[in-house]
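Participant: Structure, please.
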Amino acid sequence: MSDLLAFEADRRAVNITINSIGTELTRDDRRKLYSNFGFYRYGHEELAVCKDIDQPKCHDDESHAFLQFKEGFNINKKASEYPLSYPKAASWNSSTDCCSWDGVDIDGIKCHQHTNQVIHIDLSSSQLYGTLVANSSLFHLVHLQVLDLSDNDFNYSKIPSKIGELPRLKFLNLSLRVFEFPQNITFAQNIPPSKHTLSLFSREIPPQVSQLFMLLSLDLGGFRAVVHPKGSTSNLLQLKLSSLKSIIQNSTKHETLLLSFVTISSTLPDTLTNLTSLKKLSLYNSELYGEFPVGVFRLPNLELLDLGYNQNLNGSFPNFQSSSLTQLLLDDTGFYGALPVSIGKLSSLIVLKIRDCHFFGYIPSSLGNLTQLKAIFLRNNKFKGYPSASLANLTKLRTLEVALNEFTIETFSWVGRLSSLTGLDISSVNIGSGIPLSFANLTLEVFIARNSSIMGEIPSWIMNQTNLGILNLAYNFLHGKLELDTFLKFKNLIILNLSFNKLSLHSGNSSSRMIDYAIQSLVLASCNLVEIPTFIRDMADLDFLRLSLNNITSNIPIHMQSQSLLILDLSFNNLSGNVPSCLGNFSQSLENLDLGVNKLSGLIPQTYMIGNYLQMIDLSNNNLQGELPRELVNNRRLEFIDVSHNNINDSFPFCFTSLTLSHNEFSGSFPTEMIQSWKAMNTSNTSQLQYESYKSLNKEGLSLTKEDNFYSFTMSNKGFSRVYIKLQNLYNLIAIDISSNKISGEIPQVIEDLKGLVLLNLSNNLLTGSIPSSLGKLINLELTEITILEFLNVSFNNLRGPIPQNNQFSTFKDDSFEGNQDLCGDQLLKKCIDHAGPSTSDDDDDDSGSSFFELYWTVVLIGYGGGLDAGVALGNTYFLQLYKLLSLARLNNFKKASSRKDNLLVAQQ
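Facilitator: Residues are numbered from 1 along each chain as shown. Have a look, this model is predicted:
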């Protein structure tokens, strides 16, 4: 039945070609185009479509089943992600033959030539929105051989178990994706996902799928991971190991098995090696672990093997024999070892993708025998030495990524002989004084040389690469003066990053406008800019603008109102004037606004659009006055707001999810209601605090950095600091800092519920009463043998009574309690006389209301008072995106902007 799969593959290829025309085609137009492409050449009985005879009429019961199925769904353009999707079912009606409907025949539904029974349904990208119910009339179509419902929104419904009652099914596609990018694409842009999060199905895949004994192709892949309120992530679909074993055992003629983003969470059964007809196997991001069955590499017909993003899946390459493999994709797995010389026998290989693994050693010269190769991704391994010049034989190679290895770049001169090369990434490979001159022979679309120790001026040959779409030369030693107008000739430029060099950039005098330019990411941090380039107003597609750490002295121009901006960072400049009110109504796209460390004055704009997407606002270290705008409550996605070191005069707010407020004039009591709403803090599951290592440093401050998907977290007090590196999950790491304000009242007893509390800084306020002994109930963190409450500072308040005496409080020194005249205890060398210990409340206040403030808060109100010089804030994780940008607010000699990860700038496929 391989003809059936070939039929489907060709039909999809034709669909892509037709859709690329970019116009609305009538159904007759589509028929003609299919015919011209020879689509009717398949002659076997089940799929034959003869133009010379009348189309068969479908059975009434099947027509009724279709119409009943249609009634269960709405048509919604957002339900399909494919840009050229269209509602195939919209034209269905009882007055016409269902064998002629869209979704039937060449556009989807196909009837058997002799029996008139429906055997083929393709409703992919049909904009269907609704629930696929367990008793759907779709399952009455028992003669179905092909069922494709991919790229519709079935609203998290479960795949019905009745799917197993379609005994003739050979092709089943319930996936998110309906087409693949061409293999000649070099590097895809790392652009944040769209606002609409599509979900097809969820929960456990029913074991009845394994009862489809005739199945040749099963595609359930492409589902996005979901971020849960407490920060953990999981895939929408799960497949039990027992079901996977049954699928393998019962359908040994499988040719396609695509289960990407399906949680299997087990080792892989050795029986996988029995699928000798298998051509495509994708288990991307399936939470696999253990040793990969090496016999899979030897399957005689295997063309695609994708095991990416299974970090605990281990294995090494066998001694390869002749193979049909065209794509070998193992990125971000535990695969290890040296590349065997026998890899040169994979003569059909087109894509080799082994980035972020544990490979090491030298690149064998036999790799140069793979003359069909179009893309090689070796990023972030331990390869060393220099690849053999035999790789210059790879005349079809379009993409070469060797970043983050130990290569000797001086020997890369042969790269200039790769006549087809359009994408090159040599980031973090030390190339010494300059880029090899032979690179000038290339015609590049992507060139990334980030942190490669390049010196001198930008080579002239780079400025002649007018086809460039991505240019990233950040973190080098480039110098010289350069007019930004020079880049006007790069009409395909999407990403430009020249940050952190020694360049002096100027806007230039050109009157050219950039209306036709497609720049989406412009990153010019620390480039000695003195003004905001005027041509930015013309960049309609700009979504990432970072001009931090420059010498810009003007006001924020009114024309900065791009309707596509996601991230705007103008921090660490000398901007003056007011914050323009237009930034409040910026658009429904802006997610991160950073104007920190400038000279802005006046009030914070009061107008903030209801329903916008703002997640982070940093206005710290300016001269802003007045109150926090109450309209900010309209920003339901807001996770972080930093207004520290301004002149804000307001009452203590509790209507926001994450605030940095220190060094202002906030007053009022510490509201109990707010603490009760911090649900994420009430966890006793500290296993998510993935401390991998820590060390002591002789510097002060609290800082948080993000490199790729890991965080480094530094907490310090009075000269002692601990750095926790490679924390992959900070969702239950809790810190509270409301220092240096005018907060009054007592420390609430309910603070004992914050089981994950790591840092508590209430210093320099007007707090009264005693220190709750209930703080001693906070549990120990077994992983690192430290008390979970690492830092406590209640100094310089009006507290009284004894300091609670227990193991936890004995770790804090006198400077945590000083400046409280009526406080006594061993730490202060002041004996307590006739003082009863502070009472501990046994009542557990459980706020079970449904207030908007009752969200899953993580890091809250971290400031710079007392002995802390810096602050960070993570906020409400309920709306947390996978690519979270975090604000760093380190003062004095700490450069915030240089420690952020440029999420859009490491262009990856």
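
Participant: ok, now which ones touch L545?
Facilitator: Taking C-beta atoms under 8 Å, 6 or more residues apart in numbering as the criterion, L545 is in contact with L522, V523, I536, S562, L565, I567, L568, D569. The way it works is simple: take the backbone N, C-alpha and C, and place the C-beta from them, glycine included.

Participant: The second one reaches S499, doesn't it?
Facilitator: Yes: using C-beta atoms under 8 Å, V523 makes contact with S499 at a distance of 5.2 Å.

Participant: ok, back up a step: whichever of the contacts of L545 count as buried, I'd like them selected in PyMOL; how would that read?
Facilitator: Those of those that count as buried under 16 or more other C-beta atoms under 10 Å are selected in PyMOL with:
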select buried, resi 522+523+536+562+565+567+568+569
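
Participant: Which of the contacts of L545 fall within strands?
Facilitator: Among the contacts of L545, the ones falling in strands (DSSP state E) are L522, V523, I567, L568, D569.

Participant: Surely the third one touches L542?
Facilitator: Read it as I567. No: assessed by C-beta under 8 Å, I567 is found out of contact with L542, at 10.0 Å.

Participant: Taking the ones in strands among the contacts of L545, tell me the two that lie furthest apart.
Facilitator: V523 and L568 (11.8 Å; C-beta to C-beta).

Participant: hang on, the earlier thing: and the contacts of L545, which two are the farthest apart?
Facilitator: So, the contacts of L545 by C-beta to C-beta: farthest apart are V523 and S562, at 15.0 Å.

Participant: how many neighbours does L767 have?
Facilitator: L767 has 22 neighbours, counted by other C-beta atoms under 10 Å.

Participant: Please give the element, helix or strand, for it.
Facilitator: Per DSSP states H and E, L767 falls inside strand 766-769.

Participant: tell me what that strand is packed against?
Facilitator: strand 742-746, strand 798-802 (3 or more C-beta pairs under 8 Å, 6 or more residues apart in numbering; DSSP states H and E).

Participant: just checking, what packs against the very next helix or strand once past the first one?
Facilitator: Under the assignment DSSP H and E, the closest C-terminal helix or strand after strand 742-746 is strand 757-761. For strand 757-761, the packing partners by 3+ C-beta pairs under 8 Å, 6+ apart come out as strand 734-737, strand 791-793.

Participant: Would you single out the least confident of these?
Facilitator: Per-segment mean pLDDT for the helices and strands packed on strand 757-761 reaches its minimum on strand 734-737, at a mean of 64.

Participant: Looking at the ones in strands among the contacts of L545, which is nearest L215?
Facilitator: Ranked by distance to L215 (C-beta to C-beta), these are led by I567 at 44.8 Å.

Participant: ok, the closest one to N592 distance?
Facilitator: Counting by C-beta to C-beta, to the nearest Å, the gap from I567 to N592 is 4 Å.

Participant: now do D650
Facilitator: Separation of D650 from N592 (C-beta to C-beta) stands at 23 Å.

Participant: Quick check on those two: which one has the bigger neighbour count.
Facilitator: Here D650 and N592 are set side by side on neighbour count (other C-beta under 10 Å), and the busier one is N592, at 24 against 17.

Participant: what's the more buried one in contact with, if anything?
Facilitator: Counting by C-beta under 8 Å, 6+ apart, N592 has contacts L566, I567, L568, D569, L614, Q615, M616, L885.
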